[in-house]
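Student: model the following, please.
(chains A and B)
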Number of protein chains: 2
Amino acid sequence: MFEFDSLLSAVASGEAKPFSGYPPYHFVGGNIDEPTVPSEALADAVGDVIRNQGPAMGKYGMNSGPQGYLPLREFLSDCLKRRAGMSVTPGEVLVTTGSLQAMDLVNKALLNKGDVVLVEAANYAGTLTKLDALGVDYVGIELDKKGMRMDALERALSDLAARGRKPKYIFTIPTIQNPTGTVMPIERRRKMLALAKQYDVPIFEDDCYADLVFSGKRPPAIHALDDDRRVIYCGTFSKTIAPALRVGYLVAPWPLMGHILPLKTDAGSGALEQMVLAEFLPGHFDNHVSGLLPMLQEKADILCTSLDEHFGASVEYEKPVGGIYLWVTLPKTIDTDRLFQVALEQGVEINPGSQWTVDGAGNKHRMRICFGHPPIGNIREGIAKLAQICFEEFGLPIRSGNVERL
Amino acid sequence: MFEFDSLLSAVASGEAKPFSGYPPYHFVGGNIDEPTVPSEALADAVGDVIRNQGPAMGKYGMNSGPQGYLPLREFLSDCLKRRAGMSVTPGEVLVTTGSLQAMDLVNKALLNKGDVVLVEAANYAGTLTKLDALGVDYVGIELDKKGMRMDALERALSDLAARGRKPKYIFTIPTIQNPTGTVMPIERRRKMLALAKQYDVPIFEDDCYADLVFSGKRPPAIHALDDDRRVIYCGTFSKTIAPALRVGYLVAPWPLMGHILPLKTDAGSGALEQMVLAEFLPGHFDNHVSGLLPMLQEKADILCTSLDEHFGASVEYEKPVGGIYLWVTLPKTIDTDRLFQVALEQGVEINPGSQWTVDGAGNKHRMRICFGHPPIGNIREGIAKLAQICFEEFGLPIRSGNVERL
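Tutor: Alright, predicted model coming up:
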């Protein structure tokens, strides 16, 4: 049998196993609550749209060209204005295969090996793995309860400048920061823009979770507060409609957009999802999202009470104000890389903090727990089980509810 | 306004303009005949499948994992057996955003800058631009009426071996070769496998147009004749169903598949298209494709007669036996790069031969004309117009029909 291993490129050393399903307690991944996928409405919308638009699918890009289905981009222009305060034309929007592709495209357009970027010190794991794969350095900027600290940002910019360096961009997830769940207030957003201007760097704003603020109120996007067109922005419908649709969007000014387009070498993202969303979302999106929030709030509450009940004084966390994940701090004697392994063997999957932070070694006592997808009973059971597994491995937590563990 | 130009990466120098629609005579792109998109059938299929499967879209990868919707992969396993003689399990199939993504993934997995590959001397333009972008060398192997010549392939392999080099793969489009339209007979396919074995190299087979052989009969895929699992294979539904759906597929053996999966960093291709096709294709695909062939044959005939009528003795071509494009040779005094420019200004778009050949400079008198998409009357008018434009620029062709040009 022919052996490919010796032919693999420098970037192909990763190794996936065949898919074998999900563990019973699946507290990872940005998956969402399955009953909330608006299947009926999408089904109704899609039949009509295919009958009307179907023939145009005979062309790459249909009648809209490489930036994606124009009615969807028109919806986004309107929606981003209404929900995030942004002024964006459809020509400044590129529909992508999820926000993951948007990130890949921005990185491909701007980053060379050896460049440096600034990122929040706790981050979406994919951000860090993408930068690692590209050989790009990153500096983690300290976070607090209001998100990225601007004194820390200023210090990092100044330190780099003193060494003759400039970051290619400041990457931020300011609204429901992943994984810490914070929301950056407007004053800090303005300060970030001021620092970006002072040091002449762009900002890359990831707003993927921003629709999921439980109160329904969010600060304007940094993009909305920017006068200089220095903010590149991405978002997605993965967390509000369904991740499997793979519909995200990149917002970039021209001429940068003109440099990004040739890098999207797949001749377009899938047409059906774009057409279906363009049909369904106008007039329905805001209500649909509002309908998700109480359920997510309830799941967040139940996750927190379950943690309180089963981990007691052994956990610290900030109650989520939105989103689908919780960032948990455990006593320093607990190694969450090890906890991840033993828990997975027993059917419980969590995200170990070392993969969700720039200083992985210093965060081995933290973990991210996703609550968007598991049903409520499953959250309760899963956390109870996790506590038991943790006790068996590390001797903590000792108490569960009123019962001392044996 | 913030200026991004000085921040662009090494690969971001390309520059697209905003989309401004298509020229009236659009003889480029792998677009297909719009009325043949099976809109009604797709619309019927899709409503049910979304209602039934919709909630599972709440998970990345639904219940199928990262290789794509399992029922679609099961269909492909069956279809590739029936139509191409291939023995492939669903686990060896990866659904991609078009075959373009399949090519990108294979290249990412196997190619480092400075590697060399072997390709047919006339090729899909995207093959060459992708390799150029990666800094990968390629040697063009001579073609004749039966496709890649095996004596030329042997010579190239031997020459490289004498210099201590081995190509990372032999890339071939053996069934309706793009752009020459040839079909490689089975004996040459076996010979290619024998040479690949002798020189210990893999083959990357692109079968994107293979369903469009007008006779309905095609040789077995090279993959089907391979005993060593040295063939990587890609195909697509872009040319048979609709390109805007962006559904292609990569067939690769494990463990290579395990190395490719982590490089598909978009967490999956769009779910709706996969579900719709899995619903519609079984029991319908063969009939649907059979229904396309007479129309494509007719368009090919009309293109040829139009060329005969308007270009007369000034063109040479092989009548297509399938597919959606024609490779045309003109007198050497005609520069098709220049013809492309002046024709586009006047609303006629063709592919200049220099972009569709390894030896671009030696092929400036050739062009590719796509006939899948334009309606029949448009083909006739467009070719008449092209001949007139060509005459005005180059003084050829002199005669059109019975009328001498002035």
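Student: distance check, the closest residue to A:Tyr325 other than its chain neighbours against A:Asp337.
Tutor: In space, not counting the residues next to it along the chain, A:Tyr325 is nearest to A:Cys370; the distance is 4.8 Å by Cβ to Cβ, 6 or more residues apart in numbering or on different chains. No exception for glycine: its C-beta is placed from N, CA and C like everyone else's. According to Cβ to Cβ, to the nearest Å, A:Cys370 and A:Asp337 sit 18 Å apart.
Student: and if you look at A:Gly312?
Tutor: Here the distance between A:Gly312 and A:Asp337 works out to 23 Å (Cβ to Cβ).
Student: same question, A:Tyr25
Tutor: Applying Cβ to Cβ, the value for A:Tyr25 to A:Asp337 is 18 Å.
Student: neighbour count winner among those two?
Tutor: Taking neighbours as other Cβ atoms under 10 Å in any protein chain shown, A:Tyr25 and A:Asp337 compare with A:Tyr25 leading, 22 against 13.
Student: ok, now which ones touch the more buried one?
Tutor: The neighbourhood of A:Tyr25, defined by Cβ atoms under 8 Å, 6 or more residues apart in numbering or on different chains, consists of A:Gly347, A:Val348, A:Glu349, A:Pro374, A:Asn378, A:Glu381, A:Gly382, A:Lys385, A:Leu386.
Student: of these, closest to B:Val136?
Tutor: Ranking the contacts of A:Tyr25 by separation from B:Val136, with Cβ to Cβ as the measure, puts A:Glu349 on top at 38.9 Å.
Student: that closest one and A:His26 touch, don't they?
Tutor: Yes - shown here, A:Glu349 and A:His26 form a contact pair, counting by Cβ atoms under 8 Å, at 5.4 Å.
Student: output the lowest mean pLDDT helix or strand found in chain A.
Tutor: Across the helices and strands of chain A, mean pLDDT, DSSP states H and E gives its lowest value to strand A:399-400, namely a mean of 66.
Student: now A:Glu142. Its backbone dihedrals?
Tutor: When read as degrees, to the nearest 10, the backbone of A:Glu142 gives phi -60, psi 140.
Student: what's the pLDDT at it?
Tutor: You'll see A:Glu142 listed with a pLDDT of 98.
Student: OK, contacts around it?
Tutor: A:Ala121, A:Met148, A:Arg149, A:Ala152.
Student: which residues are in contact with A:Arg165?
Tutor: A:Val116.
Student: that one - that's part of a helix, no?
Tutor: No - with DSSP: H, G, I helix; E, B strand; the rest coil as the criterion, A:Arg165 is coil rather than part of a helix.
Student: quick check: residues of the stretch 201-350 of chain A near chain B?
Tutor: Applying the criterion Cβ under 8 Å from any Cβ of the partner chain, the portion of the stretch 201-350 of chain A that neighbours chain B consists of A:202, A:228-230, A:238, A:242-247, A:253-263, A:265-273, A:276.
Student: out of those, which are buried?
Tutor: In these, burial by neighbour count holds for A:202, A:229-230, A:238, A:242-247, A:253-254, A:256-263, A:265-273, A:276, counting by 16 or more other Cβ atoms under 10 Å in any protein chain shown.
Student: which strand residues bridge the closest residue to A:Asp337 other than its chain neighbours?
Tutor: Closest residue to A:Asp337 apart from its sequence neighbours, by Cβ to Cβ, 6+ apart: A:Pro352 at 4.8 Å. When bridges are assigned using DSSP bridges, the partners listed for A:Pro352 are A:Met367.
Student: A:Pro352 against A:Ile334, yeah?
Tutor: No - if you go by Cβ under 8 Å, A:Pro352 and A:Ile334 don't touch, sitting 10.5 Å apart.
Student: neighbour count for these two, which is higher?
Tutor: For the pair A:Pro352 and A:Ile334, the greater number of neighbours falls to A:Pro352 (24 against 21), based on other Cβ under 10 Å.
Student: quick one: residues contacting A:Glu120.
Tutor: Neighbouring residues of A:Glu120 by Cβ under 8 Å, 6+ apart: A:Gly140, A:Ile141, A:Leu143, A:Gly147, A:Met148, A:Phe171, A:Thr172, A:Ile173, A:Gln177, A:Thr180.
Student: let's see that with 6 Å instead.
Tutor: A:Ile141, A:Leu143, A:Met148 (Cβ atoms under 6 Å, 6 or more residues apart in numbering or on different chains).
Student: and these, which of them are buried?
Tutor: Neighbour counting with 16+ other Cβ under 10 Å marks A:Ile141, A:Leu143, A:Met148 as buried within those.
Student: as TSV, those with distance to A:Asp132 and secondary structure would be great.
Tutor: Written out in TSV, the entries for the buried ones among the contacts of A:Glu120 read as follows (distance: Cβ to Cβ, whole Å; DSSP: H, G, I helix; E, B strand; the rest coil):
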residue	distance to A:Asp132	secondary structure
A:Ile141	18	strand
A:Leu143	20	strand
A:Met148	21	strand
